[in-house]
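Colleague: Please find the sequence and the predicted model below.
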Amino acid sequence: MHILNRPVRSTVSCFCLACVQTQSIAVVQQLGNYSKLMQPGANFVLWPIQNVEGTMSLRIQQMDVVCETKTKDNVFVQVAVAVQYRVLAEKIYDAFYKLTDPTEQIRSYIYDVIRSTVPRLELDAAFASKADIARACQEQLTTTMNEYGYDIMECLVVDLSPDAKVKASMNEINASKRLKMASMHKAEADKIRQVKAAEAEAESRYLSGVGVANQRKAIIDGLQQSINEFKSDVKGTTPKDVMDLLLLTQYFDLLRDVGANTLFLNHEPGAVVDLQRQVQAGFMGKGKKSGMF
């Protein structure tokens, strides 16, 4: 009888304490196969049969995606999208096992939506349609990622930036438009000022004419009264005699006023020779009287 001495292998197992953080869930595997989920707090695992394969955070997370694309009017722009998402507690298994890299999956869908939406818009329309782009991204991600255990909370287009040269040209266009509007407003103001000045001048001339008319009326009334008084005081005179006397008086007044500061000369060509002869004769006469000649 032979006795075979063979070594006997024994496996020692023990319970280990595993702590899970708040707002996190741990995934436990047993011999490489999914076993259970561990909630936040203290948990026990049978090591080495069971092990904690990983944890999933239930907090809202944010991922920033920057995508470069071209608009309908051939302007390259960089679109920055902020995606806020969280893992659904009831779909931890799907979120952990179905996707290898969920962030890259989300990034790919964002690229697809932006590069299919922005090229249909011109640059100005793209700036005005940021909300529509964000809504399209959220709808696409919500439909797709919910199947994998992710809830898309919000998609925000935080920036839409064209090339620096395009920005400078847009600023120049806006500056030119504003200068054009300023010129139009200035021209309109000048027009209003000139119209008001013309209206004021017309009103001034009208009032001046009214004043002259009133003045002439007063003069006529005064002359009429003077003629009536003269006829009543001097017997045998006619209105024509009175008018001739008044005209003669006004003529003398005119000569007095004008002659005080003005010298009337004959402007005919022969008048210059006559004036020279008269002046020379005057000087010659004065010279003979004084004994100079």
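Modeller: Structure received.
Colleague: in this structure, which spans are helices?
Modeller: Using DSSP state H, the helices of the chain run over residues 92-97, 102-117, 123-128, 130-145, 164-233, 239-259, 269-290.
Colleague: Include distance to residue 56 and mean neighbour count when you put those helices into TSV, please.
Modeller: C-betas here are computed from N, CA, C, even on glycine. Listed next are these as TSV, based on distance: least, CB to CB, whole Å; neighbours: other CB atoms under 10 Å:
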stretch	distance to residue 56	mean neighbour count
helix 92-97	5	17
helix 102-117	10	17
helix 123-128	36	16
helix 130-145	14	17
helix 164-233	42	11
helix 239-259	114	11
helix 269-290	121	10
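Colleague: Name the stretch from those that approaches residue 25 most closely.
Modeller: Among the helices of the chain, the nearest to residue 25 by CB to CB is helix 92-97 (5.3 Å).
Colleague: What separation do you get for residue 66 and residue 83?
Modeller: Per CB to CB, to the nearest Å, residue 66 is found 12 Å from residue 83.
Colleague: which of these two has more neighbours?
Modeller: Under the criterion of other CB atoms under 10 Å, the comparison of residue 66 against residue 83 puts residue 83 first, with 25 against 14.
Colleague: Look at that one and report its pLDDT.
Modeller: The confidence metric pLDDT takes the value 91 at residue 83.
Colleague: Number of residues surrounding the residue lying closest to it once chain neighbours are set aside?
Modeller: With sequence-adjacent residues excluded and distances taken as CB to CB, 6 or more residues apart in numbering, residue 83 is closest to residue 63, at 4.9 Å. Residue 63 has 15 neighbouring residues, counting by other CB under 10 Å.
Colleague: ok, residue 63 to residue 115 distance?
Modeller: Distance of residue 63 to residue 115, computed by CB to CB: 18 Å.
Colleague: what's the answer for residue 238, then?
Modeller: Applying CB to CB to residue 238 and residue 115 gives a distance of 112 Å.
Colleague: ditto for residue 213
Modeller: Distance, residue 213 to residue 115, using CB to CB: 84 Å.
Colleague: Check residue 161 too.
Modeller: To residue 115, residue 161 is 16 Å away according to CB to CB.
Colleague: What of residue 72?
Modeller: For residue 72 relative to residue 115 (CB to CB), the value is 13 Å.
Colleague: for the stretch 151-293 of the chain, what are the low-confidence residue spans?
Modeller: 230-231, 233-237, 239-248, 250-252, 254, 257-273, 275-276, 279-280, 282-293 (pLDDT under 70).
Colleague: 90 instead?
Modeller: Where the stretch 151-293 of the chain drops to pLDDT under 90, the residues are 152-153, 157-191, 196-293.
Colleague: burial count for the closest residue to residue 62 other than its chain neighbours?
Modeller: Leaving out its chain neighbours, the residue that sits closest to residue 62 by CB to CB, 6+ apart is residue 84, at 5.1 Å. By the measure other CB under 10 Å, the count of residues near residue 84 is 15.
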